[in-house]
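Q: Coordinates for the following, if possible.
(one chain, ligands or ions: 1)
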Amino acid sequence: MKFSNYEIINAILLHGLNSGTHKPALFQSFEKFYKNSKSSIDWYYDLSDSYLRIYEKRFQKDRKPQQGFIHRQTVQERVFDLLDAEKISRDEALHIIGKDGFNDVLKRFHSFGTDNRTFKNYFFEVVDFGKKLILKDTFFKISSLEFDELILQAKIKQTTLEGNYLIKHNTDEDFRFTNDKRKIYLQSLKHIEKRVDLTKQREFLVPYQSNKCFYCNQFLSLSRETPAVDHVLPYKWVLHNQEWNLVAGHKYCNDQKNEFLVGPHYIDALFYRNENIVGNRYLWKDKIIKHLGFSKLKRKKQLIFEYNKVKNQMTYNNKVLWWNGDKNYDLRNDPEYKSLLTILNN
Ligand SMILES: [Zn+2]
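A: Numbers count the residues shown, from 1 in each chain. Prediction:
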């Protein structure tokens, strides 16, 4: 049986996985190229730009969530927020979208349901990820009447998905409140830094933690394993790599803690660790003083201030995203884990 191109796109749009609005948004971003008969699409200045504009237009009119998980955001939402708070340039925004924003959407666009073979590369093909996408003849053969119809369907689909996600995010009011809160928070950040490779910091940190993992307080070997360097207050909330917030730990412990918030007892430990550095090493001492303050008291107050700021951001519907769901969770008290490590190290 032969299907028209219209029918195929219709099926593709209606039978997505629906975990986000990526698919209908991507199709809408192709409209411009259809109208200009442009088949060779530059990655950043055509594709990323057009895609981001679809979201910008929506968000400026009526902001709604673009995926179903309450404590998550799509890359597009995050980029929009950073642009809106004037923390990144448009070029940077296009770069982030081009690098991370398409996730699986380009790969999955042609699938409907679980079938990802039948129409693989049917309307477009990624020639070189990060460089070029080619829209094919099949795409341009859709009649303009049918095309307008499909664009409208894509918009309706996106609106329907947003409505569903909003219910999952509880209420309109909660979503708006969280967004306003996030905006004020982002605006309050003096400057943001890109996430960087922290491997060099590892060798410095481990001795200053007396060769102990920050999270479980057990022996951490530089010679026998490759410790992880972690942002205690998660990077996605602080958007910096300042030294006072970096700790070394076992990869396992780091993975457990992930992007959650630690209880205040860990902030006490972080304070003492930082004071270890201030009391000893010249290079990092200055950096910690610069960011947290000249006196011990100031540094303590500033650390608690930073902690509460992030905690506020990680609070949804009065629930904090605690590590292991528990404010008092402390890997240092976990007997099971301790014994495992004792075995490993003896
Ligand atoms: Zn550990």
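Q: Who are the contact partners of residue 97?
A: By Cβ atoms under 8 Å, 6 or more residues apart in numbering, the contact list for residue 97 reads 48, 51-52, 75-76, 79. Backbone N, C-alpha and C define where each C-beta goes, glycine included.
Q: what about 6 Å?
A: Counting by Cβ atoms under 6 Å, 6 or more residues apart in numbering, residue 97 touches 48, 52, 79.
Q: And residue 153, by the same measure?
A: Here residue 153 is in contact with residue 13 (criterion: Cβ under 6 Å, 6+ apart).
Q: tell me the secondary structure for it?
A: helix (DSSP: H, G, I helix; E, B strand; the rest coil).
Q: How confident is the prediction for it, by pLDDT?
A: Reported pLDDT at residue 153 in the predicted model: 93.
Q: The ion versus that one, what's the distance?
A: 51 Å (Cβ to the ion, to the nearest Å).
Q: remind me which residues of the protein are low pLDDT?
A: For the chain, the stretches flagged by pLDDT under 70 are 1, 16, 336-346.
Q: at 50 instead, please
A: The chain contains no residues with pLDDT under 50.
Q: which one of the contacts of residue 97 sits closest to the ion?
A: residue 79 (33.9 Å; Cβ to the ion).
Q: Give me the helices and strands touching the helix or strand hosting that closest one, please.
A: Assigned by DSSP states H and E, residue 79 belongs to helix 75-84. Here helix 75-84 touches helix 49-61, helix 90-96, going by 3 or more Cβ pairs under 6 Å, 6 or more residues apart in numbering; DSSP states H and E.
Q: Only the buried residues of whatever helix or strand comes next after the shortest one, if you could.
A: When you say that, I think you mean helix 90-96. Remark: after helix 90-96, the chain's next helix or strand is helix 105-108, criterion DSSP H and E. Neighbour-count burial for helix 105-108 flags 105-106, 108 (criterion: 16 or more other Cβ atoms under 10 Å).
Q: need these in TSV with distance to the ion, can you?
A: Putting the buried residues of helix 105-108 into TSV (distance: Cβ to the ion, whole Å) gives the following:
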residue	distance to the ion
105	37
106	38
108	37
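Q: Going by neighbour count, which residues of stretch 40-47 are buried?
A: So stretch 40-47, judged by 16+ other Cβ under 10 Å, has buried residues 41, 43-44, 46-47.
Q: ok, now stretch 149-165?
A: 150-151, 153-155, 157-158, 161-162, 165.
Q: Which two among those are spaced furthest apart?
A: 150 and 165 (22.3 Å; Cβ to Cβ).
Q: elements contacting the strand or helix carrying residue 288?
A: Secondary structure from DSSP H and E places residue 288 in helix 282-292. Here helix 282-292 touches helix 264-278, going by 3+ Cβ pairs under 6 Å, 6+ apart.
Q: same thing but at 7 Å, please
A: Packing contacts for helix 282-292, counted by 3 or more Cβ pairs under 7 Å, 6 or more residues apart in numbering; DSSP states H and E, involve helix 264-278, helix 296-313.
Q: what residues does stretch 310-325 touch?
A: Stretch 310-325 is contacted by residues 70-71, 170, 174, 178, 181-182, 185, 233, 237-238, 257, 260-263, 329 when judged by Cβ atoms under 7 Å, 6 or more residues apart in numbering.
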